[in-house]
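Undergrad: One predicted model, sequence on top.
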Amino acid sequence: MNTPNGFEEVLRIFGDPRTDNAKWQAANLIEVHCPFLFRYFDDDGSLSVLSHIRLHKLVAEPFTSVQADVLNYLRLAVKKEQGFDKTSHFYDVEVQKRIEADGYDIFGGSYNYRPIRGTVRKLSLHSFGIAIDMDPDKNPRQSVLKTSFPDWYINTWKRHGWFWGGDFRSLRDSMHFQYATGC
């Protein structure tokens with residue numbers, strides 16, 4: 001599936017959650033297994049472990065592909081640093097440490113039926129289950145770009161059709177990845 005461009009195309013592809021939202025949710029949202037455990041960053045700053053997140057069924061594959069590529073990238077990096085002669089368990093442990101140290105598992109949210117922050121009527125792409133916030137504490141929404149994400153991480157998302165909120169023209173939202181452009 002090509003990444004949709006513009007709100008009308010988002011409505012055409014993903015459906016309209018504004019009409020009979022409960023029915024729309026039942027038909028379109030699924031629990032997607034995370035290839036590695038996520039830690040949910042709650043509003044009070046606490047973290048809780050998640051193995052699944054709620055997304056639109058049409059973005060499940062692009063999401064899991066991003067996460068698989070992140071795992072593969074980090075596994076190869078660990079092998080290059082530690083040598084190629086260790087056990088699979090050793091690499092699993094080291095990769096998990098890297099994921100947690102760099103915040104690739106810090107999840108700020110996905111499906112949430114609401115307007116875009118700071119607006120009253122314009123529907124957020126989170127309302128469609130096609131937007132994800134990652135590591136919100138280190139990647140804030142503000143006018144000047146601030147991000148902890150390295151280029152390879154951002155480009156992994158982009159390669160799978162996701163748009164990065166750090167590329168927004170005005171208010172930079174570096175925690176935000178969405179499966180749509182021009183919205």
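TA: Ah, there it is. Numbers count the residues shown, from 1 in each chain.
Undergrad: and the residue nearest the centre of the chain, what does it touch?
TA: Nearest to the mean C-alpha position of the chain, by CA atoms, centre = their mean, lies I132 at 3.6 Å. Residues near I132 by CB atoms under 8 Å, 6 or more residues apart in numbering: I53, L55, F63, F107, G108, G109, S110, H176, F177, Q178. Every C-beta, even on glycine, is put in place using the N, C-alpha and C of the backbone.
Undergrad: Got the phi and psi for it?
TA: When read as degrees, to the nearest 10, the backbone of I132 gives phi -140, psi 140.
Undergrad: rewinding a little: what's the closest of the contacts of I132 to N28?
TA: L55 (9.4 Å; CB to CB).
Undergrad: That closest one falls within a strand, correct?
TA: Yes. Checked against DSSP: H, G, I helix; E, B strand; the rest coil, L55 lies within a strand.
Undergrad: partners of it in the sheet?
TA: Residues in a beta bridge with L55, per DSSP bridges, are I30.
Undergrad: Could you list which of the contacts of I132 belong to strands?
TA: I53, L55, F107, G108, G109, H176, F177, Q178 (DSSP state E).
Undergrad: Would you confirm that the third one contacts I99?
TA: Going back to what we said before, that points to F107. No. Between F107 and I99 there is no contact under CB atoms under 8 Å: 11.8 Å.
Undergrad: Which residue of these two possesses the greater neighbour count?
TA: F107 (24 against 20; other CB atoms under 10 Å).
Undergrad: Can you show me the strands along this protein?
TA: 29-41, 47-56, 106-109, 131-134, 141-142, 163-164, 172-173, 176-178.
Undergrad: buried ones in stretch 156-172?
TA: Neighbour-count burial for stretch 156-172 flags T156, W157, K158, H160, G161, W162, F163, W164, G165, G166, R172 (criterion: 16 or more other CB atoms under 10 Å).
Undergrad: can you check stretch 8-19 too?
TA: E9, V10, I13, F14, G15, P17.
Undergrad: Need the nearest residue in space to the fourth one, chain neighbours excluded.
TA: What that stands for is F14. Leaving aside its chain neighbours, F14 sits nearest to F128 (4.7 Å; criterion: CB to CB, 6 or more residues apart in numbering).
Undergrad: who touches that neighbour in this structure?
TA: Counted by CB under 8 Å, 6+ apart, F128 has contacts V10, F14, G15, P17, H56, Y111.
Undergrad: What is the neighbour count of the last one?
TA: So the one you mean is Y111. Y111: 20 surrounding residues under other CB under 10 Å.
Undergrad: my read: it touches G129, true?
TA: Yes. Counting by CB under 8 Å, Y111 touches G129, with 4.0 Å between them.
Undergrad: joint contacts of the two?
TA: With CB under 8 Å, 6+ apart, Y111 and G129 have common neighbours L29, R54, L55, H56.
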